[in-house]
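**Student:** Return atomic coordinates for the entry below.
(2 chains)
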Amino acid sequence: MIRALIIFLTVFGPPAAAQEVVAALSQNRVSITASFDGSEILVFGAVKHDKPVDETMPLDVIVTITGPKQPIIVRRKERVAGIWINTDAVDVDEAPSFYSISTTRPLAEILSDLEILRYKISINRTIRSVGAPQDIMDPGNFTDALIRIRTKNGLYQLRENTAFLAEDTLFRTNVALPSNLVEGSYTANIYLTRDRKVISTSQSVINVQKVGLERWIYSLAHERPLIYGILSLAIAIAAGWTASAVFRYLRG
Amino acid sequence: MQIYLPIAEVSVNAFLLLGLGGLVGILSGMFGVGGGFLMTPLLFFIGIPPAVAVATEANQIVASSFSGVLAHLRRKTVDLKMGTVLLTGGLFGAAVGVQVFAMLREMGQVDLLVKLSYVVFLGIIGTLMFVESLNAIRKARKAAGAYTPRKKHTWIHALPFKMKFRTSGLYISVIPPLLIGVAVGVLAAIMGVGGGFIMVPAMIYILGMPTKVVVGTSLFQIIFVTGFTTLMHATTNFTVDMPLAVLLLIGGVIGAQIGARIGVKMKAEQLRILLAIMVLAVCGKLAMDLLLQPGELYSLGASGHV
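**Tutor:** From the prediction side, this is the model:
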């Protein structure tokens, strides 16, 4: 097993590259506060050259950010007796809650299909769906719908030509995180490509977390649900009483 | 001003929520309905996950109803005795309704059944109220000042276990109000609303209570039924969003006070016909959703729960 892995890595693994990518993020944690309204992450870095730059083969950079993976159900409506109801459903085993690809040039020009497959740099490839029910003939339509809906909500983004590489050395790109983020670890992968192949990669993690009041409310709701419920009711009653008292006072 | 909701996990405009709360609060104070049947679909529309919308709405209704009921208590337009009988049935019904809800969820068609029951109930109640109040207004125009006897002897008066409800001026059996309480409780739990829009017409047309007392009494029992529902959602589904509830209820309690004052100045028939029109409008909207082809046939749902 281990030998097989070693052979696999020597044959298919990234070659000892003349160029290496070094990357950093403007922030390694995103704090969700009450006023959180999305965030922007700057991914930047440099290419280390061991050999002189080969001018004939341009370098390119691809940056992907992947949110925590979750299972999800995709349902489809159908007309039954004149009414539109949910009929078919497909369980998608794993879909990232957020996924963005930023590239220096159109993806197809800087990466071969084989490499796209191998590094899973594609919105389609990040979704893992096995075992659609037997009676569903077109499971592909369900994953397409998942991608379509999430793209519309700004959760899946393919942003070609939004990364910039200067002098084959310095690169940067801005990735906008929308306000409907879920908590968890987001992985930023940076790929350096040449001749439609990945020659170097780098990885960083961004922690997205609720903080302060948001954290406190979330924890209370999940760890002490009864107290949370009673507190919610108390706030409701107090607010109702206050409004009544204030209006009474206003009317003299 | 955008605010991030910790349980719903979305960012929404705080003023929009205040406004929605205020609008629904006015209706709540005027008609004695919790307003859930309006607010819950509105929350779906602005992108709050359905499970969070339903649970948080219950919490908000507690506040607006409490504010409204205080205004009614001062004017002595709450029949506490009748309210207690109704809510006894209501709590029992809510507990049953939650079990029914869980069963439907396992069958996987809970959305459809909730919507269908909305359409059916809102349609029937709206139409009945509309026709009845139109007739009442016409009659009032024809013979202004003429006395029309309201109380008629029906099957309700033949039932045993009679009780005096002084505030309502009724001497009837406790069985009909208890049964109405149970029915409304079940529906409230399934449809995620306070049930005022069913309770109010039931009190007027089945029990024969005077309209002015109906509103306060309905609010009184809604507080308890929705309070119970809030606690159950908080402990079983963790879907009550406190900041969302607070924003909605700040608007809501203020609206309820204004609404209660508007309600006093209006004639009972006018009040009823307005409520009927509103009920029918919501019913029509929901029916259209079911009948017309949706723009997006697919929808996403969290796996495992809800």
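**Student:** so what pLDDT did residue 81 get?
**Tutor:** Just going to use chain A. A:A81 is assigned 80 on the pLDDT scale.
**Student:** That was the other one, I meant chain B.
**Tutor:** pLDDT at B:K81 comes out at 84.
**Student:** and it, how many neighbours?
**Tutor:** Counted by other CB atoms under 10 Å in any protein chain shown, the residues lying close to B:K81 total 18. C-betas here are computed from N, CA, C, even on glycine.
**Student:** which SSE is it in?
**Tutor:** Taking DSSP states H and E as the definition, B:K81 sits inside helix B:80-107.
**Student:** That helix: which residues count as buried?
**Tutor:** By 16 or more other CB atoms under 10 Å in any protein chain shown, the buried positions in helix B:80-107 come out as B:81-83, B:85-91, B:93-94, B:97-98, B:100-101, B:104.
**Student:** With stretch A:79-89 instead?
**Tutor:** Neighbour count says stretch A:79-89 has A:I83, A:W84, A:I85, A:N86, A:D88, A:A89 buried, by 16+ other CB under 10 Å.
**Student:** Render the CA-only coordinates of that stretch in CSV, please.
**Tutor:** The C-alpha coordinates for stretch A:79-89 follow below in CSV (Å, rounded to 0.1, in the frame of the first residue of the first chain):
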residue,chain,number,x,y,z
ARG,A,79,-47.3,19.2,-11.1
VAL,A,80,-49.6,16.7,-9.5
ALA,A,81,-53.3,17.2,-9.9
GLY,A,82,-52.8,20.8,-10.9
ILE,A,83,-50.7,21.6,-7.8
TRP,A,84,-46.9,22.0,-7.8
ILE,A,85,-45.5,19.8,-5.1
ASN,A,86,-42.1,18.4,-4.1
THR,A,87,-41.9,14.9,-5.6
ASP,A,88,-38.3,13.8,-6.3
ALA,A,89,-35.4,14.4,-3.9
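**Student:** Tell me if that stretch is near chain B.
**Tutor:** Yes: Stretch A:79-89 reaches chain B (CB under 8 Å from any CB of the partner chain) through A:R79, A:G82, A:I83, A:W84, A:I85, A:N86, A:A89.
**Student:** State the pair within those that is farthest apart.
**Tutor:** For the residues of stretch A:79-89 next to chain B, the maximum inter-member distance is 21.3 Å, found between A:G82 and A:A89 (CB to CB).
**Student:** Need the pLDDT of the most centrally placed residue in chain B.
**Tutor:** By CA atoms, centre = their mean, chain B has its centre lying nearest to B:G196, at 3.1 Å. What the model reports as pLDDT for B:G196 is 76.
**Student:** Surely it is in contact with B:F220?
**Tutor:** No: counting by CB atoms under 8 Å, B:G196 sits too far from B:F220 to count as a contact (10.7 Å).
**Student:** Relative to A:L233, how far out is A:E214?
**Tutor:** A:E214 sits 21 Å away from A:L233, going by CB to CB, to the nearest Å.
**Student:** Ignore what I typed, I meant A:P106.
**Tutor:** Distance, A:P106 to A:L233, using CB to CB: 56 Å.
**Student:** one step back: narrow the buried residues of stretch A:79-89 to those in helices?
**Tutor:** If you go by DSSP state H, the buried residues of stretch A:79-89 have nothing in helices.
**Student:** Of those, which pair is most distant in space?
**Tutor:** Farthest pair in the buried residues of stretch A:79-89, by CB to CB: A:I83 and A:A89, 17.3 Å.
**Student:** Can you tell me which residues in the stretch 201-306 of chain B are near chain A?
**Tutor:** Within the stretch 201-306 of chain B, the positions near chain A by CB under 8 Å from any CB are B:227, B:230-231, B:233-236, B:238, B:240, B:242-243, B:245-246, B:249-250, B:253-254, B:256-257, B:289-294, B:296-304.
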